[in-house]
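Participant: sequence and predicted structure below; questions after.
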Amino acid sequence: DAGITQSPRYKITETGRQVTLMCHQTWSHSYMFWYRQDLGHGLRLIYYSAAADITDKGEVPDGYVVSRSKTENFPLTLESATRSQTSVYFCASSEQGAFNEQFFGPGTRLTVL
Amino acid sequence: GENVEQHPSTLSVQEGDSAVIKCTYSDSASNYFPWYKQELGKRPQLIIDIRSNVGEKKDQRIAVTLNKTAKHFSLHITETQPEDSAVYFCAASSSASKIIFGSGTRLSIRP
């Protein structure tokens, strides 16, 4: 679905490096979310944003930073990557938030060596 | 903290049989319960959802039931087909900014 995209799709980095994952949506949805997906844990919410310039922590925010200067973009930054941040990261958007359907991006597989 | 428990973690059924996946939640303020399907290597996609003022919802071969008193909800798939093979996630949400997902059920359909 071209409505929400993520880049890069695959990324390999080293411990201690800064990494930014990009998320872009074309629907002008108010809410955007970042999740990480690990075996045995399902999807865990890292950060969310209710609108441009409004962001807040989710379930597992430590080690991550977000910003949202424009409605359509919601980048996620790992300031100093650790091996435990090796995961698949999904961005999602929703017009009315978590109590309505969320539309997920294709995911970014991140490996931290 | 709040959590959602999902069982079983893996499920294998014969094609044409029914499959049932169960979830329990701890946050009594939860009022929205979606189910997402994730095919191998793909993104999660919503297949059905239910709100707390409804006890059951159906969409063709898929149905979801909710028991708010017991804090559990279930996904029922009837007449399973090979394309139903995927990982299914339940979730519980209590607000626009809060949602907890279950750990997923890998459903396999045997021919």
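Facilitator: That came in fine, so what should we check first?
Participant: for the closest residue in space to residue A:68 that isn't next to it in sequence, name its beta-bridge partners.
Facilitator: What sits nearest to residue A:68 in space, not counting adjacent residues and going by CB to CB, 6 or more residues apart in numbering or on different chains, is residue A:49, at 4.5 Å. No exception for glycine: its C-beta is placed from N, CA and C like everyone else's. Counting by DSSP bridges, residue A:49 forms beta bridges with residue A:32, residue A:55.
Participant: and residue A:49, what does it touch?
Facilitator: Listed by CB atoms under 8 Å, 6 or more residues apart in numbering or on different chains, the contact partners of residue A:49 are A:31, A:32, A:33, A:55, A:56, A:66, A:68, A:74.
Participant: nearest spatial neighbour of the closest residue to chain B within chain A, chain-adjacent residues omitted?
Facilitator: Per CB to the nearest CB, residue A:97 is where chain A lies closest to chain B, at 2.6 Å. Excluding the flanking residues, the one nearest residue A:97 by CB to CB, 6+ apart is residue B:96, at 2.6 Å.
Participant: what's the neighbour count on the one you found?
Facilitator: 17 (other CB atoms under 10 Å in any protein chain shown).
Participant: which residue packs closest to the residue sitting nearest the centre point of chain A, ignoring adjacent ones?
Facilitator: For chain A, the residue nearest the mean C-alpha position is residue A:34 (3.0 Å; CA atoms, centre = their mean). Distances taken as CB to CB, 6+ apart put residue A:46 closest to residue A:34, at 4.4 Å, once the chain neighbours are dropped.
Participant: so that neighbour touches residue A:36, yeah?
Facilitator: Yes: if you go by CB atoms under 8 Å, residue A:46 and residue A:36 touch, sitting 5.9 Å apart.
Participant: give me the common contacts of the two.
Facilitator: Counting by CB under 8 Å, 6+ apart, the contacts common to residue A:46 and residue A:36 are A:60, A:89.
Participant: against residue B:92, how distant is residue B:50?
Facilitator: 11 Å (CB to CB, to the nearest Å).
Participant: neighbour-wise, which of these two wins?
Facilitator: The neighbour comparison of residue B:50 against residue B:92 (other CB under 10 Å) goes to residue B:92, with 28 against 20.
Participant: give the burial count for residue A:70, as a bare number.
Facilitator: Neighbour tally, residue A:70, other CB under 10 Å: 10.
Participant: now it. Nearest residue, chain neighbours left out?
Facilitator: Nearest non-adjacent residue to residue A:70, counting by CB to CB, 6+ apart: residue A:52, 6.1 Å away.
Participant: hey, what's in contact with both of residue B:50 and residue B:92?
Facilitator: Shared contacts of residue B:50 and residue B:92 (CB under 8 Å, 6+ apart): B:32, B:33.
Participant: and the strands in chain B, which stretches?
Facilitator: Remark: strands assigned in chain B by DSSP state E are B:4-7, B:10-14, B:19-25, B:32-38, B:45-51, B:56-59, B:62-67, B:72-77, B:86-95, B:98-101, B:105-110.
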